[in-house]
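Peer 1: Coordinates for the following, if possible.
(2 chains)
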Amino acid sequence: MKIPLARAFALVVVVLLILLPLVPTSAQQPRRGGVLRIAHIGEPPTLDQHWTTAAITGHIMYNVNEGLFAQTSRFEARPMLVDKWAISSDRLTYTFTLRKGVKFHNGKELSSEDVKASLERWGRIAANGRALFATVASLTTPDPLTVVLRLREPNGLVLMYLGNPGQSAVIFPKEIVEEAGTGQLKRFISTGPYRFVEHQPDRHIRLDRFEGYAARTEEPDGATGRKHAYFDSIFVIPVPDPAVRIAGVKRGDYQFAETVPPDEYDRLRADTDLVPYINQTASWLTAVFNHRSPLMGNKKIRQAFQAALDQEAVMRASYGNPRFWRLDPGLMPKEHYLWTDAGKEYVNQKNQNKARQLLAESGYKGEPIRWVTTMEYVAYGTTAQLVKPLLERVGFAVDLQVVDWATVVSRRARPELYDVFSTAFGFVPDPVFMLALNPAWPGWFDNRDLNAMMTLLRRHSDPKVRLEIWGRMQKLWYEEAGSIKFGDYFILHLHRKELKGYVNVPTHIWWNAWSEGR
Amino acid sequence: MTGYVLRRLVALLPVLLIVSTVGFFLIYLTPGDPAAVMLGPDATAEEIQHLRTQMGLNRPLFVQLLHWYSRTLRGDLGDSIFLQRPVRQAIIERLEPTALLTLLALAVAIAIGVPAGVVSAVRRNSWMDQVAMGVALFGVSVPGFWLGLNLILFFSVYLGLLPVAGYVPVAQSVAGAARSLVLPALTLGIGGSALIARMTRSSMLEVLGQDFVRTARAKGNQERRVILRHALRNAMIPTVTVIGLALGGLLAGAIVTETVFVLPGVGRLVINSVARRDYPVIQGVLMFIASIYVLVNLFIDVIYVYLDPRVKYA
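Peer 2: Sure, this is the predicted structure:
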C-alpha cells in the first residue's frame, strides 16, 4: 500500500504532537514562575545591610541590593554595577564607569551621585567601610556615570572591600540614603533582581521579581555575572524550630530550610524528595581569649590552654559525622589561595606535660578562668563543657558561665567581666576581614608585629607576596596563642529536589534558582 | 455589683504599677544589649557603645524609669527597637492569633476536661476512671513542644492533612485560619484539659455524696438529670476557678506553642523581644498580660454570681 506524501507527513506531525508532551524537557532548563518559600532560623535584627553584620540580613537583602562589585565562587571580586574600571599607575586612583541603563526598583536610573551617597554612608557606619575609608582621600563624581575614588596610600583590597557580601557596600538611591539620616533605612530600594515588598514580623519577608532588572551578560559565577529572577516571589519565613523547618520541607510547605542539625543527615539523605546541602565554605569554632584580662593577657597561660587541648575530640563531640567538620590549622579555608598550614605544630597538641610546665612558668595561682558560653548554639556550650575537664586536669580552675546569646554578646564587650568566650567565625574572603585579628574587636588581640604585617597585607595585591606575609602572620598568631581555633565546620541546609540552580558560594545565591516541579 | 467591679478595676492600677516597676528592673538589670544584637556579631565594643548612646540606653536607670512612667501615663508604650513601629501597634497586630489560639485551646481543654472529669467521678475506680485520669496525667506531664512536634509529624507530614506551621489571618481566609490553628489548639488544649479534668472529678465526687443529690435521686429524677443539672452545676465553682487559672496557663503556654507552630502572636513577640532585649516591647507586653490576668480573674468572680446565687459581692 502506498501512502501519499502529504498524508504521511500529516501522520508524522500528529504522532509528534501526541508524543511531544511525553518527552521530558531538559532537567536543567530553568523554569520561570512559582514561589520560593525559605524557612530561616529567625527574624533579622534589621534589613539595612550597611547597618549590621548579621548574616541573616545579608541572606535576605542580597537578593534586593547590589554593589559596585561582587564575589565569584573563588572569592575574587568582579564588577556588578560597574561596567569598566581603571587603576592609576601609582595605585592611588580608582575610576569606575557605571553600567548604563541600570534602574532602581523605584524606576530611577542609577547614577554616580547614588553611588557616592551610598558608599559614604557605608564608609561611615559599616566596620569594613570604615576600614576602607580610613585610606580614602576623596570620592568624586565627574559625570553621572563616573565615580573616582582617591586613596591616601595604596590598598590592594579596594575591589574586595567593595564586593564583600558581608555588611556589603550596596548601593541605594541618594534620596533613600538622605531620608535615613544617621539612622536606619526607612525604605529598601536598590537595583537587584528581586525587589522588597513587605516585612510582616514573625510572619514573612516578601520579595517579588523586579521586572525592570538589568542583568549582566557574563555567565553566573558565585554572586557575579548574569542574574535571573525565575521565581515570581520569595518568602523568607522565620521558623525557629529546626524540626519544624525539616517537617515543612518534607511536606513541601517550604522549598528550603536554613541550618538543620547534622545528626539528621543520613535520615534526610534517604528521602528521595529531599536534598541535604552541605555548605561549601567552612566556618570555624573558636574560644576567644580576652587579652585585656590579667589572666589571659599572660602569654604562658594562653599557651598552656592551647597545649592542653584535644581538638579532634572536641570537634567530634560537637559535630559528629566527619562530613561536617575537619581539623585544619589554616585560618583561611583550604579552598582559598591564602591557605597555609603555618603554625600547625600548635594544633591538637594534647600535651598535658607541656601545659603543666607552661602553667607553672606563668605564675598562675589557680584563679578561675571565667569562660562565657551559651547553649543557644549547642556546639559552643558543648565545646566549653568538653574542654573544662581537659584544662582542670593540667591545673586550671574553670568557671563556666552558661548564659543566653544576648548576654554573651553584651558581656564580651566588657573586658572586666570575663577571660574567655565562645563563638564561631564565618567565612571571610581575606584575612583583613578576620575578627580574630582585629585589635578593636572583643578579645582585643593587639600585637605590634601582627598589626604591622596586617598593614603590609592590606597594601599588597600580588598573591605570592600576600601568601608569604599571611603565612608569617598565621604562625605568629599560633605562637602567641591569639585565640583557639578548634576546627572547621560545615553547616547543613535542606531543600526539596525540585529546587534547582541553587548555589552557596560565597553566600546563599537564590536568584538563579528555579523550581522544576508543578 | 457594679460598685464591686469598679473597685476591682481601680485596684488594677497598683497591680500594673508594681508589675511595671519590678518588670522594668528585671529587664534592665538582665545582661544583654539590643545595640549589640542589632549591629551583629562582628561589631566592635566602640560601635556598640555609640549605638547605645544614640538609643538612650546609657542614661541612668532611674531617668529611664521616670521616662517610661511619664510616657505610659500618657497612654504611650513607646516604640519597638527592632520592629520600627509603636509597641501598642505591635501588640494589636499580634492579638488575633493569640486570642483565637487561647480561646480554641480553652474550648478543647473544656471539651475534653469536663466530660472526662464527670465520667471518672460517676464511674469512680472503674476502668473509665483509670483511663481518663491516666490521659490527664499524660496531658499534665507531656511538654508542649514535644506534643506539638509529634502532632505535626502525624497530621501534617504523614497524613498531609494540615499545614506544618504558619498562620493565615481570618480576614484572608477563615478556613485557612482554622486549619492553621487546629494543631496548636490541640497541643495547648490537651495540656490544659488535664487540670480541668482532675478538678472536675474531685469536686464532682464531693458533690455526689451530698444530701441534695440523694434527694434528687429519691424524687425519681433520671440519673442523667441528677448528674448534669444538680451535681455538675454545683461542682462547677472550683472548676470555673481552675478554668480561669488555666486561661493564664494557656497564655503562658502560647509562648511555646506559637514558637513551634510559627504563629505570629503575642507569645512569639515576647520570646523574640526577650532574645533581642527589645526593652519597650517586653515592658509593654508585660503590662498587657498582667492586665489580662487581672481582668480574667475579675470575670471569673463575676461568673460565680450566676453559677451560685448565694455568692454576693457587697
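
Peer 1: Report the central residue of chain B.
Peer 2: Compute the mean C-alpha point of chain B, and by Cα atoms, centre = their mean the closest residue is B:L251, 1.6 Å away.

Peer 1: Report the contact partners of that residue.
Peer 2: Applying Cβ atoms under 8 Å, 6 or more residues apart in numbering or on different chains to B:L251 gives the contacts B:98, B:102, B:266-267, B:289, B:292-293. From N, CA and C alone the C-beta is placed, and that goes for glycine too.

Peer 1: Now A:G107: closest residue in space that isn't a chain neighbour?
Peer 2: In this structure, A:G107 finds its nearest non-sequential neighbour in A:G212, 7.0 Å apart by Cβ to Cβ, 6 or more residues apart in numbering or on different chains.

Peer 1: Double-check the one you found against A:K103; I have them as touching.
Peer 2: Yes: assessed by Cβ atoms under 8 Å, A:G212 is found in contact with A:K103 at 4.8 Å.

Peer 1: Can you show me the helices along the stretch 1-150 of chain B?
Peer 2: B:2-29, B:34-39, B:45-55, B:61-73, B:87-122, B:127-141, B:144-151 (DSSP state H, counting those that start in this stretch).

Peer 1: Please dump the ones you listed into a markdown table; it should also carry mean neighbour count and distance to A:R412 for every row.
Peer 2: Formatted as a markdown table, the helices of the stretch 1-150 of chain B follow (neighbours: other Cβ atoms under 10 Å in any protein chain shown; distance: least, Cβ to Cβ, whole Å):
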| stretch | mean neighbour count | distance to A:R412 |
| --- | --- | --- |
| helix B:2-29 | 13 | 18 |
| helix B:34-39 | 25 | 9 |
| helix B:45-55 | 16 | 8 |
| helix B:61-73 | 13 | 22 |
| helix B:87-122 | 21 | 29 |
| helix B:127-141 | 15 | 39 |
| helix B:144-151 | 18 | 30 |
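
Peer 1: Now mean pLDDT and distance to chain A too, for the ones you listed, in TSV please.
Peer 2: Output for these, formatted as TSV (pLDDT from 0 to 100; distance: least, Cβ to the nearest Cβ, whole Å):
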stretch	mean pLDDT	distance to chain A
helix B:2-29	85	12
helix B:34-39	83	4
helix B:45-55	82	4
helix B:61-73	87	15
helix B:87-122	92	8
helix B:127-141	88	20
helix B:144-151	92	5
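
Peer 1: Relative to A:D143, which of those helices is closest?
Peer 2: The closest of these to A:D143 is helix B:45-55. By Cβ to Cβ, the value is 35.1 Å.

Peer 1: for the closest one, packing partners?
Peer 2: Contacts defined by 3 or more Cβ pairs under 8 Å, 6 or more residues apart in numbering or on different chains; DSSP states H and E place helix B:45-55 against helix B:34-39.

Peer 1: Okay, the spatially closest residue to A:G297 that is not a sequence neighbour and A:P439: tell me how far apart.
Peer 2: Spatially, and ignoring its direct neighbours in sequence, A:G297 is nearest to A:H291 (5.4 Å; Cβ to Cβ, 6+ apart). In this view, A:H291 and A:P439 are 9 Å apart by Cβ to Cβ, to the nearest Å.

Peer 1: Give me the common contacts of these two.
Peer 2: Both A:H291 and A:P439 are in contact with A:445-446, where contact means Cβ under 8 Å, 6+ apart.

Peer 1: Comparing the two, which residue is more hemmed in?
Peer 2: Shown here are A:H291 and A:P439; by other Cβ atoms under 10 Å in any protein chain shown, A:H291 has more neighbours (22 against 15).

Peer 1: Burial check on residue 297, number of neighbours?
Peer 2: Looking at chain A here, since you left the chain open. By other Cβ under 10 Å, neighbour count at A:G297 equals 15.

Peer 1: nope, chain B
Peer 2: By other Cβ under 10 Å, the residues close to B:N297 number 16.

Peer 1: For it, pull up the helix or strand it's in.
Peer 2: Counting by DSSP states H and E, the element that carries B:N297 is helix B:279-307.

Peer 1: Could I get the buried residue list for that helix?
Peer 2: B:279-290, B:292-294, B:296-298, B:300-301, B:303-304 (16 or more other Cβ atoms under 10 Å in any protein chain shown).

Peer 1: on that earlier part again, could you check how far the residue nearest to A:G107 is from A:N106?
Peer 2: Distance, A:G212 to A:N106, using Cβ to Cβ: 10 Å.

Peer 1: okay, and the common contacts of those two?
Peer 2: With Cβ under 8 Å, 6+ apart, A:G212 and A:N106 have no common neighbours.

Peer 1: Enumerate every residue touching B:T215.
Peer 2: Contacts of B:T215 (Cβ under 8 Å, 6+ apart): none.

Peer 1: which element is it on?
Peer 2: Using DSSP H and E, B:T215 falls in helix B:211-218.

Peer 1: can you pull the buried residues of that helix?
Peer 2: Quick answer for helix B:211-218 (16+ other Cβ under 10 Å): B:213, B:216.
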